[in-house]
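Enquirer: My questions concern the predicted model and sequence given below.
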Amino acid sequence: MSQTLVRVTPKDFAPPSVIDRMRSRSLVIGVVFSVLTLGLTLGFGQWDLFLRSWLFSFMFWLGLTLGSLTLLMLQYTSGGNWGRLGRRIWEAGAANWWLMFLFWLPIAIGVKHLYPWAKVPQDPAKLAEFMAHYGADKIHYYLNVPFFWFRGLFYFAGWGILCYFLKRWSVREEAGTTTPAQFVFIQNLSGFGIVFYGATITFGSIDWTMSLYPEWWSTVWGMLFMVGQVLTTFCFTIWLFTRLSEIEPVSRIFKIDYLHDFGKLMFAFVVLWAYLSFSQWLIIWSGNMLSEIRWYIMRLQHGWQYFGTILIFVHFVFPFALLLSRNNKRSRQRIVAIAFLLLFMRLVDLFWLTAPNFYPGTDAGLNNFHLLDAAMYVICPIAMGGIWLFFFYLQLSKRSLMPVNDPGFVEMLESKHG
Amino acid sequence: MTASAIYGLMAEFETPTELVEAAKGAYAAGYRKMDAYTPYPLEEAAEAIGAHHNRVSLVVLVGAMLGMVGGYSLEYWVSAVAYPINVGGKPFHSWPAFIPVTFECAVLGACLAAVFGMLALNGLPQPYHPVFNAPNFVRASRDRFFLCIESQDPRFSPSDTRKLLESYKPEEITEVPY
């Protein structure tokens, strides 16, 4: 067989115009739903409700941002074709870290409206009661407003620095001016970055979600968010990659095997999510301690139990059964349908983890969850998502879609077997 | 059965791409009784000779189901029927506590079914196989890619099959004796 030597340049994998169309559409959706969110908030004067739904949306889109950052670093340390295919998508996703920082600001400002531990009463008698309720005043060594702000700034600064170095490497590689030593540096940085992510998301998920109910704790909480975030990113990647694989330039190198690989990874994270969620439940249920079980009791009555049941069957059993099949992982339509289902279930999971705290089940539970609450919980993530996707597509349309100067990319261009 | 003295015709290729081309060609020409031999797993070759439809996955599913039902039944029988012991005020039939064992038994059943189902369906262990009579065949585990069209195939004819294989320009074509 004759080998033709053609130098592939980044221009050969320039982003298609469809990305520009998707970008403008995202902007329209983002703006319309942002106006709706603001309108409902101002119209009904429900700032607390705004913050609740905002926190919920923030955790979902933060998941896509940080999941992208993690997968980007993971593929630098592990290698593999799946990493080269997803690299630009994850670079564009991670580059939105500054946007997530801006989205974090309302939470930082509204901390006293969201978190019970921040509502420290001024009245001495009530203060004593408040302290007694939390068992000890030591809780405030960690959960106090200035430290909460400082930690948030620290996480975002760290993620921003990681993104800066990863971006700098990527731009240099595309220009073709890299040295092997620089690649070793980026690999080492990625190794450190994954550990840093593990630590920051553990503390971050405790700060932003677990401390909504400070009387309760779970040691698997950080892992639950880690796995959820990476799963969200895999689902999103599968959808976007399949969409782009039908048109030039990605169609030139697309093999159904790549979709199969992504499907296997998505499957693994579905199982891992179920494993962690179930072990948290099993341990707390077996222990049956008052301090721990209350969190579940709140979520297992007054209507919230339906969400828990849906999670078991639609976030785990159903996708698990479907993803066992090789043919489902190798069918574009079916794998994208499963990815969409799981993206939706990620939202349901985050809703079930965060929302019941605001509608305690002792009296009415979900009965306090009115139409306005439901509307805000639907509109807010769409508003945030539209803006997130706008900046995501903006990043994606600036660069080539494949890292053509990666040493491993040549073999991906070779004929479709072998 | 035709009185064929040979097991089949074996073509030797230098690259996986050539092997897959030839395998696809042979499949398109109607040959079904053939096999590809490569130094490392080559999914495309397996697909080209139409070898991907086997029953192992079904056997694994049945194994997993049996393990699942077995594990759960064992737990239920022990905790609720044979030795009902009150643990922390929990009901005897405490299903959440049974899930880990149920899951592990399902995995065990699936693994056993996969190994033994695979062995049962692929005919291993096989102490003797004619392909090893081809002189250069040792290189199948090193750096060469082989396609063997078997004489059992109804379309097999020493001259036509050789012609077909030759059209893919292999390094060498050898007759494999029994």
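Expert: Perfect, thanks for sending it. Numbering: from 1, shown residues only, chains lettered A, B, ... in the order given.
Enquirer: Look up how far A:His140 lies from A:Tyr412.
Expert: Slight slip there: residue A:412 is Met, not Tyr. 54 Å (CB to CB, to the nearest Å). Glycine gets a C-beta too; all of them are placed from N, C-alpha and C.
Enquirer: ditto for A:Leu62
Expert: Using CB to CB, one gets 26 Å for the distance from A:Leu62 to A:His140.
Enquirer: ok, now B:Ile99?
Expert: Between B:Ile99 and A:His140 the distance is 39 Å, computed by CB to CB.
Enquirer: where does the stretch 151-300 of chain A come near chain B, residue by residue?
Expert: Counting by CB under 8 Å from any CB of the partner chain, the stretch 151-300 of chain A comes close to chain B at A:257, A:278, A:281-282, A:285-286, A:288.
Enquirer: one more time with 6 Å, if that's ok
Expert: Contact residues, the stretch 151-300 of chain A versus chain B (CB under 6 Å from any CB of the partner chain): A:282, A:285.
Enquirer: so B:Ala11 sits in a strand?
Expert: Yes. Using DSSP: H, G, I helix; E, B strand; the rest coil, the assignment for B:Ala11 is a strand.
Enquirer: How about it: what's its closest non-neighbour residue?
Expert: Spatial nearest neighbour of B:Ala11, excluding adjacent residues (CB to CB, 6 or more residues apart in numbering or on different chains): B:Pro170 at 3.9 Å.
Enquirer: Helix, strand, or coil at B:Gly8?
Expert: Put simply, B:Gly8 is strand when judged by three-state DSSP.
Enquirer: Quick check: the one residue sitting closest to the centre of chain B vs B:Arg55, distance?
Expert: For chain B, B:Asn122 is the residue whose C-alpha lies nearest the centre (CA atoms, centre = their mean; 5.8 Å). Per CB to CB, B:Asn122 is found 11 Å from B:Arg55.
Enquirer: Likewise for B:Val176?
Expert: Going from B:Val176 to B:Arg55 by CB to CB gives 28 Å.
Enquirer: Quick check on those two: which one has the bigger neighbour count.
Expert: Counted by other CB atoms under 10 Å in any protein chain shown, B:Val176 and B:Arg55 do not tie: B:Val176 has more neighbours, with 22 against 11.
Enquirer: Quick check, pLDDT for residue 145.
Expert: By default, I'm working from chain A. Per-residue confidence (pLDDT) for A:Val145: 87.
Enquirer: not what I meant, chain B
Expert: What the model reports as pLDDT for B:Phe145 is 89.
Enquirer: Sticking with B:Asp35, tell me its helix or strand.
Expert: B:Asp35 belongs to strand B:34-37 when elements are defined using DSSP states H and E.
Enquirer: Apologies, that question was intended for A:Leu353.
Expert: Per DSSP H and E, A:Leu353 falls inside helix A:332-354.
Enquirer: what's next to that helix, contact-wise?
Expert: The contact list for helix A:332-354 (CB atoms under 6 Å, 6 or more residues apart in numbering or on different chains) reads A:56, A:59-60, A:209, A:232, A:235, A:238-239, A:242, A:259, A:263, A:307, A:311, A:314-315, A:319, A:322, A:328-329.
Enquirer: Tell me the secondary structure of the residue in chain B sticking out farthest from the centre, please.
Expert: For chain B, the residue at maximal distance from the C-alpha centroid (CA atoms, centre = their mean) is B:Gly89, at 50.3 Å. Secondary structure assignment for B:Gly89 (three-state DSSP): coil.
Enquirer: about what we covered before: could you say what helices and strands the strand holding B:Asp35 packs with?
Expert: Secondary-structure packing of strand B:34-37 (3 or more CB pairs under 6 Å, 6 or more residues apart in numbering or on different chains; DSSP states H and E): strand B:145-150.
Enquirer: now with 7 Å?
Expert: Counting contacts by 3 or more CB pairs under 7 Å, 6 or more residues apart in numbering or on different chains; DSSP states H and E, strand B:34-37 packs against helix B:16-28, strand B:145-150.
Enquirer: After it, which helix or strand is next?
Expert: As assigned by DSSP H and E, the chain's next helix or strand after strand B:34-37 is helix B:43-48.
Enquirer: Give me the buried stretch members for that next one, please.
Expert: B:44-46, B:48 (16 or more other CB atoms under 10 Å in any protein chain shown).
Enquirer: most packed of the helices and strands packed on strand B:34-37?
Expert: strand B:145-150 (a mean of 26; mean count of other CB atoms under 10 Å in any protein chain shown).
Enquirer: Beyond that strand, next helix or strand please.
Expert: For strand B:145-150, the succeeding helix or strand toward the C-terminus, using DSSP H and E, is helix B:158-166.
Enquirer: and that following helix with strand B:145-150, angle?
Expert: Helix B:158-166 and strand B:145-150 are oriented at 160 degrees to each other (axes from the mean of the first three to the mean of the last three CA atoms, to 10 degrees).
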